[in-house]
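S.K.: Okay, here's the prediction I keep looking at, along with the sequence it came from:
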Amino acid sequence: MDVRFEDSIDVMKDLVVLGMFQEDEDTCYKFLNTVFAKELQEALALGIFKKTFGELYSTKFAGFGYRRVLVLALGAKEDMSLERLRRLLAKAVTYTKLYTLESFSTNILSLVESTGKFSAEALGMAAAEGIFLSNYSFKKYMQPTPETTEKEIHTITLTWMKEKEAVQKGFFQGKIISECTNFAKDLVNEPPMLMTPAFLEKVAEDIAEDKRIKLRVLDKKDLEEKGFGAFLGVSKGSEHAPKLLILEYYGSDEGPTTALVGKGITFDTGGYNLKPTGSMETMKCDMGGAAAVLASIKCAAALGIQKKIIGVAPVCENAVSGTAYKPGDILLAYNKKSIEVTNTDAEGRLILADAIAYVEEKYTPDVLIDLATLTGACVVALGSSISGIISTDKELQNALQKAGEESYDRVWPLPFLEEYKESMKGTISDLKNTATVGYGAGMITAAVFLSSFVSRAKWAHVDIAGPAFLLEGKEYLQKGATGTGVRLLSYYFLSHS
Ligand code: BES
Ligand code: ZN
Ligand code: ZN
């Protein structure tokens, strides 16, 4: 797809998309064509078109090169935001595809710029995200019929009357972030029969083609030798051997080290505490944290982030078989703490426990961020629009919350409560993997469990169980995988490198 910044609308495109601020109704497009201005006025008077944000009105009138006109209501100027810009451009992309058109030209970007509220770079970034995130689809397993084969958009022109360098720089970054987010979506959307630990290792190998990235893989034998008892316990029921994937990104040799740890359960049946029908169907998304970590390392390299970042993904399947772990088993974690398995469905914290303890010992990171589709409790608390965050470091939490607001890959804080440690203490072991029955606060107790494996890093736990996988598409996100975490981390790195 070719995207260009031009001084004015290109009427030779298939579709012309015109923005209209609520305040500008009278002055807006009279200059363009009186017939059209009249039509728009009538549509507004009749209520066919409304001025509230996101409303659209489409028409076609003769005389120009384009095949259609789409008017998009931008809402009030003071309510304009970068997220609104993403959504507006996503609407333009979706509309273009719906009518199998191949190009559009729009003045929306320069109209948003005229509010004076945003930098050129931020506008370029958000514009790219709106375009490339909404342009995603996962159709590789569908027979190519005229209905399923989407027409690709060839060209988009965005009006921009000022110096183009900054907007283009932002756009370039936004395009990289979107492509890496879409890459993560691809990984999560793959069926679990294919998305095995070995498959993800291949993916990591491809990412490590970049010479600033080094891949280290600990396979089953290494894990046994090194004592990853919790991780191995979870993986025991599966045909597919576990892998600990480590991508070391050296964007800088000096300065602080950031570690990212992503939950990589390629499918979560629940184990012997089997998930019921209705809860299991989407569980291929349980490697969404690992996908986000791998994609974020790829993204950091493409953006040229000048930082040392270690991406770690413990990857295995939580399956049921004669060899699977059972409630009552006691696992010895990497840091020598013993854990009684009180529920085989609370497997994510077990694999993260070992990965976190290992990364702490091996890399002594200054900052450690884990991302995991960890608890249904987080989904109950926050739904699918926002991830939960629990951190023992206010500054880190604030920085991630800010990155979340800006990227709109948002996180909402829940407290870390020391007193809940009691609920995770074992009776015949150091710890148990679920809280005492009826305790509540499932997302917090999960984080409290994980904290036993963090030693010196500033740590934040991000529970992405809600937003990682959607049952319905919305705005620029499709039904299915969303790539949650990639935009959050990329924005965080851009403001912290
Ligand atoms: N993978 C699930 C959490 C999940 C739920 C992810 C919904 C995405 C959407 C996790 O492994 C799990 O099953 N957690 C249990 C923990 C419980 C047994 C303490 C849960 O949340 O029910
Ligand atoms: Zn589970
Ligand atoms: Zn799980």
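M.R.: The structure has been received and is ready for your questions. Numbering: from 1, shown residues only. Ligands and ions are numbered 1, 2, ... in the order given.
S.K.: what are the ranges of the helices in the stretch 1-150 of the chain?
M.R.: 34-46, 82-98, 108-113, 120-134 (DSSP state H, counting those that start in this stretch).
S.K.: Which neighbouring elements make contact with the helix or strand just after the last one?
M.R.: Spelled out, that is helix 120-134. Per DSSP states H and E, helix 120-134 leads on to strand 155-159 as the next helix or strand towards the C-terminus. If you count contacts as 3 or more C-beta pairs under 8 Å, 6 or more residues apart in numbering; DSSP states H and E, strand 155-159 packs onto strand 2-6, strand 103-106, helix 108-113. Heads up, the C-betas are built off the backbone N, CA and C, glycines and all.
S.K.: Just give the strands next to strand 155-159 in its sheet, each with its orientation.
M.R.: For strand 155-159, the paired strands and their directions (DSSP bridges) read strand 2-6 (parallel), strand 103-106 (parallel).
S.K.: Could you name the stretch from the helices and strands packed on strand 155-159 that's closest to ligand 2?
M.R.: strand 2-6 (41.4 Å; C-beta to the ion).
S.K.: Now do the helix or strand containing Leu368: everything it contacts.
M.R.: Assessed by DSSP H and E, Leu368 sits inside strand 367-372. Residues from elsewhere that reach strand 367-372 (C-beta atoms under 8 Å, 6 or more residues apart in numbering): 256-263, 288-289, 292-293, 348, 352, 356, 359-360, 396, 400, 450, 454, 457-465, 485, 489.
S.K.: now stretch 46-57
M.R.: 20, 22, 25, 40, 43-44, 70-76, 79, 84, 87-88, 91, 95.
S.K.: For stretch 486-497, what is the distance to the chain centroid?
M.R.: 12 Å (C-alpha atoms, centre = their mean, to the nearest Å).
S.K.: Low-confidence bits of the stretch 201-350 of the chain, can you list those?
M.R.: Counting by pLDDT under 70, the stretch 201-350 of the chain contains no low-confidence segment.
S.K.: how about the strands in it?
M.R.: 213-218, 243-250, 257-262, 264-268, 308-318, 330-332, 338-340 (DSSP state E, counting those that start in this stretch).
S.K.: Please find the angle between the direction vectors of the third one and strand 308-318.
M.R.: Here strand 257-262 runs at an angle of 20 degrees relative to strand 308-318 (axes from the mean of the first three to the mean of the last three C-alpha atoms, to 10 degrees).
S.K.: ok, strand 257-262: who's next to it in the sheet?
M.R.: When DSSP bridges is applied, strand 257-262 pairs with strand 308-318 (parallel), strand 367-372 (parallel).
S.K.: got a markdown table for those strands, with distance to Glu340 too?
M.R.: Output for these, formatted as a markdown table (distance: least, C-beta to C-beta, whole Å):
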| stretch | distance to Glu340 |
| --- | --- |
| strand 308-318 | 17 |
| strand 367-372 | 21 |
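S.K.: how about these, which one is nearest Thr434?
M.R.: Taking C-beta to C-beta, strand 308-318 is the member of these nearest to Thr434, at 14.3 Å.
S.K.: what's the first-to-last distance across stretch 4-19?
M.R.: 18 Å (C-alpha to C-alpha, to the nearest Å).
S.K.: Show me which positions of that stretch end up buried.
M.R.: Phe5, Ile9, Asp10, Lys13, Asp14, Leu15, Val16, Val17, Leu18, Gly19 (16 or more other C-beta atoms under 10 Å).
S.K.: Contact partners for the third one?
M.R.: Contact analysis of Asp10 by C-beta under 8 Å, 6+ apart lists Ser105, Thr157.
S.K.: hang on, the earlier thing: for the helices of the stretch 1-150 of the chain, give me a markdown table that also has mean pLDDT.
M.R.: Compiled in a markdown table, the helices of the stretch 1-150 of the chain are given as follows (pLDDT from 0 to 100):
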| stretch | mean pLDDT |
| --- | --- |
| helix 34-46 | 86 |
| helix 82-98 | 97 |
| helix 108-113 | 97 |
| helix 120-134 | 98 |
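S.K.: Pull out the buried residues from the contacts of stretch 46-57.
M.R.: Taking 16+ other C-beta under 10 Å as the criterion, what is buried in these is 20, 22, 40, 44, 70-75, 84, 87-88, 91, 95.
S.K.: and which of these is nearest to Lys243?
M.R.: Among the buried ones among the contacts of stretch 46-57, Arg87 lies closest to Lys243 (C-beta to C-beta), at 38.2 Å.
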